[in-house]
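Chemist: Sequence and predicted model, in that order:
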Amino acid sequence: MPYAPENDLDVYKLSAHLTVLNRDNILSVGDLDGRISDLKISVGETRNALNNLMSQQETYKQIIEHGDTYFSLVDKPNPTEVEKLKLNICKQTIDKFGVNNADDLNRIKVLSHNAESQIAELSERFKFTDNLYSVYTDIAATYRAISSGDYISRLVEEERKRREAQRQRHKL
């Protein structure tokens, strides 16, 4: 087929695929499929761990909010009815999670801070793994399309349509 600028995208895509295959030392389709399978599992596990940590972090935030409110109001002389109600609600929450004093609340704050760090790390790992999974699956799909003949057939059909459109424009 003669050169056409429309083909550049395919050339660049295939070049990028070869770069990834060489960079990651992928030598066969079986190796690629195995890595895709491993990445799929890793993405799922990372997503689950991230969801669990985020849920745990929300619990920590609730405990901290209620604990801060409770310890700020507990020694207040003559609390209002609204403050008494808040104290009661906050007391129930912190008792449920075993927070009996400011030291216990500080321990929860440390756990919350650690969870934030872990969430950031897992988020980065998830993004990297999910992106690599997408790249590998794209490479595998391209390989299968080329191997089955669909890829070349598609390119030939696109070129035929382009030429037909060009002929139509010249007739006008």
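Modeler: Yep, that arrived. Residues are numbered from 1 along each chain as shown.
Chemist: Least confident secondary structure element in the chain?
Modeler: In the chain, no helix or strand scores lower on mean pLDDT, DSSP states H and E than helix 150-171, which sits at a mean of 81.
Chemist: starting at the chain centroid, how far to that helix?
Modeler: Between the centre of helix 150-171 and the centre of its chain there are 39 Å (CA atoms, centre = their mean, to the nearest Å).
Chemist: Any chance of the backbone angles for Lys76?
Modeler: phi -70, psi 130 (degrees, to the nearest 10).
Chemist: now do the one 5 residues further on
Modeler: With angles defined as degrees, to the nearest 10, Glu81 shows backbone torsions of phi -60, psi -40.
Chemist: Pull the number of nearby residues for it.
Modeler: By other CB atoms under 10 Å, 7 other residues sit near Glu81. Bear in mind the C-beta positions are built from the backbone N, C-alpha and C, glycine included.
Chemist: So, low pLDDT: which residues of this protein?
Modeler: Per-residue confidence for the chain (pLDDT under 70) gives these ranges: 1-7, 9, 149-152.
Chemist: how about the helices of it, start to end?
Modeler: Per DSSP state H, the chain carries helices over the ranges 8-23, 29-73, 81-96, 102-148, 150-171.
Chemist: what's the least confident helix or strand of the chain packed up against?
Modeler: helix 102-148 (3 or more CB pairs under 8 Å, 6 or more residues apart in numbering; DSSP states H and E).
Chemist: what's the neighbour count on the residue lying closest to Glu83 once chain neighbours are set aside?
Modeler: Of all residues not flanking Glu83 in the chain, Leu73 sits nearest, at 5.3 Å (CB to CB, 6 or more residues apart in numbering). Applying other CB under 10 Å, we find 16 residues neighbouring Leu73.
Chemist: likewise Lys61?
Modeler: 13.
Chemist: ok, it touching His113?
Modeler: No: in this structure Lys61 lies outside contact range of His113 using CB atoms under 8 Å: 11.4 Å.
Chemist: Now list whatever residues contact both of the two.
Modeler: Counting by CB atoms under 8 Å, 6 or more residues apart in numbering, Lys61 and His113 have no shared contacts at all.
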